[in-house]
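Enquirer: Got a predicted model here, sequence first, then my questions.
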Amino acid sequence: MIYHVTTLQEWQSQGGKSEFIPADYFKEGFIHCCTSAQLSGVLERYFKGRPDLVLLYLDESKLKAELKYEVSTNDEKFPHLYGAIDREAIIKVDKL
């Protein structure tokens, strides 16, 4: 299981689509994800004080795009998804 944090507005704006593609994908070339052990650090560093967030729980085995664990912040390996998040891979969505 990996996770992706996004805004409620961005999540709702793509409600009827078979894939979810955050706007940052077009700038970065991949979708930022994290593991459960990395989640609190990601929320603290990049989303502190944001009341409008949702957490997507992703089943890695159901993702069709390439998933790579690459060195990033603090020399940790983070999961980066090189393509869209397939709706069938989204197991659960929680408001944060």
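Expert: That came through fine.
Enquirer: And the helix or strand where residue 42 lies, what does it pack against?
Expert: Assigned by DSSP states H and E, residue 42 belongs to helix 36-46. Applying 3 or more CB pairs under 8 Å, 6 or more residues apart in numbering; DSSP states H and E, we find helix 36-46 packed against strand 2-7. All C-beta atoms are positioned from the backbone trio N, CA, C, and that covers glycine.
Enquirer: The strand it packs on: which residues count as buried?
Expert: Across strand 2-7, burial judged by 16 or more other CB atoms under 10 Å covers 2, 3, 4, 5, 6.
Enquirer: Among those, which one lies nearest to residue 77?
Expert: Nearest to residue 77 among the buried residues of strand 2-7 is residue 2, at 11.8 Å by CB to CB.
Enquirer: which ones are touching that closest one?
Expert: Contacts for residue 2 (CB atoms under 8 Å, 6 or more residues apart in numbering) come out as 33, 34, 35, 58, 60, 67, 79.
Enquirer: how about 7 Å then?
Expert: Residues in contact with residue 2 (CB atoms under 7 Å, 6 or more residues apart in numbering) are 33, 34, 35, 58, 60, 79.
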